[in-house]
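A.B. asks: Structure, please.
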Amino acid sequence: MSYNEFQQLYLSEEHRGKTVSAMVDTFFKEVKEYADGAEHSDDITVLVLEYLRR
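C.D. replies: The predicted model follows:
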């Protein structure tokens, strides 16, 4: 099982209302915990968008 889009969406919904910085920090923490010390074979990239209502 990979850290897939469903898990990313769950993470974003779970942390709705937090700062973008906090969401990125949490994402990397969750991925590191999921990997459980295993080396990754590629880079890890994350993009978080913040919607600012007018």
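A.B. asks: drop to CA atoms for contacts and neighbour counts, all remaining ones
C.D. replies: Fine.
A.B. asks: in the protein, what secondary structure element scores lowest on mean pLDDT?
C.D. replies: Within the chain, no helix or strand scores below helix 5-14, which has a mean of 67 by mean pLDDT, DSSP states H and E.
A.B. asks: residue ranges of the strands in this structure, please?
C.D. replies: In the chain, no strands are defined using DSSP state E.
A.B. asks: how about low-confidence regions in it?
C.D. replies: For the chain, the stretches flagged by pLDDT under 70 are 1-6, 8-12.
A.B. asks: which residue is nearest the middle of it?
C.D. replies: Geometric centre of the chain, nearest residue: Phe27, 2.8 Å, by C-alpha atoms, centre = their mean.
A.B. asks: any idea how far Arg53 is from that residue?
C.D. replies: Between Phe27 and Arg53 the computed distance is 24 Å (C-alpha to C-alpha, to the nearest Å).
A.B. asks: Likewise for Thr45?
C.D. replies: To Arg53, Thr45 is 26 Å away according to C-alpha to C-alpha.
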